[in-house]
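> predicted model and sequence follow; I will ask about them next.
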Amino acid sequence: MINLEVKIPDTPGTLIELIKPISNNGGNIFGILHHHDKKINNLIPVDLTFELPEELREKALESIKSELRKENIQIDRISLGTEKRHLTILLTGHVFDTDVVDTIKRLAKKKIIVTGLEARFTEVDDISTVKFSLELPESISEKNLINEMNKICEEKNLMMIRV
Amino acid sequence: MKVKICLIGKGTVGKCFLELLNKKLPIFKHKFDIDIVIVGIFEIDGGLVNKSGLNIRKVIEMDKDFRKLNDWKFNINPLDLISKIDVDICIETTPTNPETGEPALSHIKAAIKNGIHIIASNKGPFYLKYKEIKELANKNACLIQYEATVASGVPILSIKKSLGASKIKAIRAILNGTSNYILSRMASEGIDFSIALKEAQELGYAEADPTLDIEGYDAAGKLVILANELLGWSKSIQDVKIRGISKITPQAIELAKSDGYIIKHLAIAENNSLIVEPRLIENYSALNISGTLNVIELKTEYMGSIVLMGRGAGGYEAASAILNDLFYICDFLKKDDNI
């Protein structure tokens, strides 16, 4: 979720100019709040909440900012939501022998928190399968997670099974 | 109007096609006012050739003894004859070499160069040389139909004609019955991969050498065709990231189940990338099918998801797809003839 705080002139048609760049860049608008009571110098503060497709997020956000500036819309603040996502992945291979603590720490460095581990194995020396329950802050895309896991899996000869 | 056909490859698919065609001949006459005439049937060691038309019923009756028919000649091959016999449509059903696409690729190219329309059931030429075949066909004004190459009789390629207004954005599918059977048995019985594979081989669902199926190459070839045809991409099998299912353990399946997931060998085309690998899908997903079935989910621009499911292999299933392709070409020829 993205929160955008702007100030727009209290004139007809300006709201459309605010919404257009978001819509043009694939945004899905959840809510618009006008603060008429806080109008100063004919400028109304507006809070807008929207979402962008994850894979286009960074690029789309930059494009929205640039288009708003072109329309002389004053951007006060853009904040990314703090909602956390939960994901499950499975790793198969010598997950423990290849230092599972190191795997957890490397994910933590990327702000990906391992909230649970569940393992199955037949014998100590045999390969194991481990279920990782993960928590991702909204600022980390699934693509980032997959890239990091792919690196770890390649290095440690593990197989990842994901959603 | 007469439409002359040659069939290359009289294996299971070719044989089933002849049977279905024989049953449906009146439809061609009634619907298109077309008389279908088979002028050539080729096998690896020779062929049946008759410029006036072969007796289809007799060929079917003779079954494996078709070489005893008077029209049979040893040591002739379609590549030599394709330019000499008058043919409108060539139906190609020979077994494919997965690395070269041969001999089907040469048959298809030779036929197109002679202005002959193509119906093919072999995926090899299309996942290896899609662009080249398409360009050659355009240049020679030939139609190419190959519905049977993906999910056999499931009309997944022809669905594009019905979805003109709603672009297909992504594809997720299970395209290999063997690997799906193995994973289904592992999930339902808690058995090891090797036991499930052996069971699949005993039931005839897996080849003696199951590599192409279980390592994902078969599904990857089909995925390339789907992506090129339905998404308008121009990819070949080298563009697919492929991982097989041979390392999946019963323990992995058990852990997935504990979170409401099941492991399936998915073929995915999205965001300009092609992937075949084991993935977790929700238990309630439309892709959660059991046994040897195939399923394809199309994510569309305006209509959400569309799911097609059906038997992805079998002689009559493939023959049915070929017959549908033949209807399509006959419809085109009839309209063309009326102009």
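Cool, got the structure. Keep in mind that this is a model prediction, so the values were computed, not measured.

> C-alpha from now on. contacts and neighbour counts both.
Noted.

> and the gap between the spatially most distant residue from the centre of chain B and B:L280?
What lies farthest from the middle of chain B is B:S258; by CA atoms, centre = their mean that is 36.5 Å. Distance, B:S258 to B:L280, by CA to CA, to the nearest Å: 12 Å.

> also B:V49?
To B:L280, B:V49 is 52 Å away according to CA to CA.

> could you check how many residues crowd around B:S152?
Residues within reach of B:S152, counting by other CA atoms under 10 Å in any protein chain shown, total 26.

> swap in A:L117?
12.

> quick one: contacts for it?
Contact analysis of A:L117 by CA atoms under 8 Å, 6 or more residues apart in numbering or on different chains lists A:130-133.

> and for A:H86?
A:133-136.

> which SS class is whichever residue of chain B sits closest to chain A?
Nearest residue of chain B to chain A (CA to the nearest CA) works out as B:L280 at 4.5 Å. In three-state terms, and counting by DSSP: H, G, I helix; E, B strand; the rest coil, B:L280 is strand.

> can you pull out the strands in the chain?
Reading this off chain A. A:2-9, A:28-34, A:43-51, A:74-80, A:84-93, A:113-121, A:128-137, A:159-161 (DSSP state E).

> oops, wrong one, chain B.
Counting by DSSP E, the strands of chain B are B:2-8, B:35-43, B:46-49, B:72-74, B:89-92, B:117-120, B:144-145, B:168-174, B:240-242, B:261-270, B:273-282, B:293-300, B:305-311.

> per-residue pLDDT of whichever residue of chain A sits closest to chain B, please?
Across chain A, no residue is closer to chain B than A:V163, which sits at 4.5 Å (CA to the nearest CA). Listed pLDDT for A:V163 reads 94.

> that one reaches B:I281, doesn't it?
Yes: under the criterion of CA atoms under 8 Å, A:V163 makes contact with B:I281 at 6.0 Å.

> least confident of the strands of chain A, on average?
If you rank these by mean pLDDT, strand A:74-80 sits at the bottom with a mean of 86.

> what strands flank it, and is each parallel or antiparallel?
Here strand A:74-80 has these sheet partners by DSSP bridges: strand A:2-9 (antiparallel).

> show me the domain layout of the chain.
Reading this off chain A. A:2-80, A:84-161 (automatic domain parsing).

> hm, I was asking about chain B
B:2-153+B:316-338, B:159-311.

> run through chain B and note the low-pLDDT ranges.
B:338-339 (pLDDT under 70).

> now do the contacts for the residue nearest the centre of it.
Central residue of chain B (CA atoms, centre = their mean): B:T149, 1.5 Å from the mean position. B:T149 is in contact with B:120-123, B:222, counting by CA under 8 Å, 6+ apart.

> from those residues, which land in helices?
B:K222 (DSSP state H).

> can I get the contacts of B:T149 in TSV including neighbour count and distance to chain A?
Shown next, in TSV, are the contacts of B:T149 (neighbours: other CA atoms under 10 Å in any protein chain shown; distance: CA to the nearest CA, whole Å):
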residue	neighbour count	distance to chain A
B:A120	27	35
B:S121	26	32
B:N122	24	31
B:K123	27	28
B:K222	22	22
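
> from A:L15, how far out is A:I44?
11 Å.

> which neighbours do these two have in common?
A:I8.

> tell me which of the two has more neighbours.
A:I44 (19 against 14).

> next up, the contacts around the more buried one.
By CA under 8 Å, 6+ apart, the residues touching A:I44 are A:7-10, A:34-36, A:38.

> can you list the residues of chain A near chain B?
Residues of chain A lying near chain B by CA under 8 Å from any CA of the partner chain: A:90, A:92, A:118-121, A:129-131, A:161-163.

> again, only using 7 Å
Within reach of chain B by CA under 7 Å from any CA of the partner chain, chain A has these residues: A:120, A:129, A:131, A:161-163.

> out of these, who has the most neighbours?
When neighbours are taken as other CA under 10 Å, the top entry among these is A:T129 (28 neighbours).

> the residue nearest to that residue when sequence neighbours are not counted: how many residues sit nearby?
Spatial nearest neighbour of A:T129, chain neighbours left out: A:T92 (4.3 Å); criterion: CA to CA, 6 or more residues apart in numbering or on different chains. By other CA under 10 Å, 24 other residues sit near A:T92.

> again, but for B:D325
Number of residues near B:D325 (other CA under 10 Å) recorded here: 22.

> quick one: residues contacting B:G124.
B:96, B:98, B:101 (CA atoms under 7 Å, 6 or more residues apart in numbering or on different chains).

> narrow those to those that are buried.
B:96, B:98, B:101 (16 or more other CA atoms under 10 Å in any protein chain shown).

> possible to save these as a markdown table with distance to chain A?
What follows is the buried ones among the contacts of B:G124, written out as a markdown table (distance: CA to the nearest CA, whole Å):
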| residue | distance to chain A |
| --- | --- |
| B:T96 | 31 |
| B:P98 | 26 |
| B:G101 | 31 |
